[in-house]
Every structure is written in C-alpha cells, then in structure tokens.
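> for reference, the sequence and a predicted model appear below.
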Amino acid sequence: MTKLLKRSFFERSTLDVAPELLGKVIVLRQSKKIKKTGIIVEVEAYTHDDPACHAARGKTPRNEVMFGPGGYSYVYFIYGMYHCLNFVTEREGIPGAILIRALEISDENERVASGPGKLCRYLQITKKHNKLDCCDIDSPLIVTAYNSNKLKDTSIIQAKRIGISKAAHYPWRWYIKDNPYISKK
DNA sequence: GACCGGATCCGT
DNA sequence: CGGATCCGGTCT
C-alpha cells in the first residue's frame, strides 16, 4: 500500500482539506486483506465555529474524537438506521471533520454509495469504525492518494450543504463535476 | 427518567 | 412528502 495520507494532511484548516479529499481512495481492510475500496467524489466540511457541527456545543462522548488529532475516523448513527463517516481535521484541541457523502465504486452501480448513509451501508461501516487512526498503515480503515487514471474529469464544484437545518447555506460541499456517483438525483 | 429532533433514504 | 426507527443531548 502506497501513498497513505499523513496526519499533516488532515491537521490543517478543514476548508482546505475538504476539496483535497476528492479523488482520494478509502480502503477498508479485514485481516490485512483489502476488502473494499472507493474513490471519494463528494464531501462536506464541518468546523469548530459552525452551528451545524456536532462539536459546536462542546465535547460529548459521541463527538470527542473530533477534539483529538487529525486523521481519525468519526462515525455516528443517525435517523435510527444509518451511519455516517467523517475524517477528523485540524490539530488536537480544535474540532473539525469532513463528512464523506459519496464514493465511486468501480464495477458497482452508480447509486450504491451515492450518499453518506448509503456508502456506510455498502462498506458495512458502523460505530465499530469510530475513532480509528486512518494514518496508521495497520488500521482497517485508511485513505490513500489516488494513483491511477480512472477519474476522467476532476474539476471540482463548490456548493451549499445538503440535509441540515442549521447553517445549510454555507457553501461547504464539494464534489467532482459530472461524476455519476455523487449524491442527489 | 422522559422527551424529541436528527450531517438519511426510499417509495408514493 | 411522509414513514421507518433509535440514539444522543438536554432538561427535569
């Protein structure tokens, strides 16, 4: 495995890291073997001074990983049936995270991972995957830089966030232009 | 201990 | 547009 993303990649401003995650690859492993991979094609940023961020009102058992070092996973359960996957950003002490909203899965239907709940369902990500150090080469969940040429168009579009009531107008969603795997019809 | 809304998805 | 379905946060 090569091009593992370093902690220094994640420990920067959330708004800088978010668009740079597009095109990177999530790798899920089980017993040292690669189980599933997906290319990140849509993300959303949540920052420490953001009313929609789970950490906006301070540390709780659920969100505590967001206050730690960057590069860790933050997985939470929502609407009684879905999980959502984030990667923690910013240096220790400053909460921040990037929600992964859609993945391009080769040899799969465009819609199997076209939403934050759907991609966790497809990858079988649950709260067991919370607080994993994704910068550790031995972690079951890591992120690597994409190194083949399957992405045809890598232009990035910035847009308003989706599905939240607070601060929904913040233009903190990014996706790959014309990519058929992004969320929303 | 109780209440209630939610970073979603799907079928109508 | 509403229903599914349950947890975490907040208040009592």
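Cool, the structure landed. Residues are numbered from 1 along each chain as shown, chains lettered A, B, ... in the order given.
> C-alpha from now on. contacts and neighbour counts both.
OK.
> pLDDT at whichever residue of chain A sits closest to DNA strand C, what is it?
Closest residue of chain A to DNA strand C, Cα to the nearest atom of the strand: A:Gly80 (3.2 Å). Among the per-residue scores, A:Gly80 holds a pLDDT of 97.
> how about A:Leu28?
97.
> identify the bridge partners of it.
A:Lys36, A:Leu141 (DSSP bridges).
> need phi/psi at A:Ala159.
The phi/psi pair for A:Ala159 (degrees, to the nearest 10) reads phi -150, psi 180.
> please verify my assumption that it contacts A:Ala168.
No: at 10.4 Å, A:Ala159 and A:Ala168 do not qualify as touching, with contact defined as Cα atoms under 8 Å.
> residue numbers of chain A in contact with DNA strand B?
Chain A comes close to DNA strand B at residues A:46, A:52-55, A:78-80, A:82, A:84, A:86, A:97-99, A:114-119, A:162-166, A:183, as judged by Cα under 7 Å from any atom of the strand.
> low-confidence regions, chain A specifically.
A:1, A:147-153, A:185 (pLDDT under 70).
> what ranges do the strands span in it?
Applying DSSP state E to chain A gives strands spanning A:25-30, A:33-47, A:73-78, A:82-88, A:96-104, A:141-144, A:156-159, A:173-176.
> how close does the nearest residue to A:Asp50 once chain neighbours are set aside sit to A:Val25?
Closest residue in space to A:Asp50, ignoring its immediate chain neighbours: A:Ala56 at 6.2 Å, by Cα to Cα, 6 or more residues apart in numbering. According to Cα to Cα, to the nearest Å, A:Ala56 and A:Val25 sit 28 Å apart.
> more neighbours: which of these two?
Ranked by neighbour count (other Cα atoms under 10 Å), A:Ala56 and A:Val25 place A:Val25 first, with 23 against 16.
> quick one: buried residues of stretch A:157-170?
A:Gln158, A:Arg161, A:Ile162 (16 or more other Cα atoms under 10 Å).
> how about the most centrally placed residue in chain A, what does it touch?
The residue lying closest to the centre of chain A (Cα atoms, centre = their mean) is A:Ile100, at 3.0 Å. Applying Cα atoms under 8 Å, 6 or more residues apart in numbering, one finds that A:Ile100 lies in contact with A:Ile40, A:Glu42, A:Val43, A:Glu44, A:Cys84, A:Leu85, A:Asn86, A:Phe87, A:Pro116.
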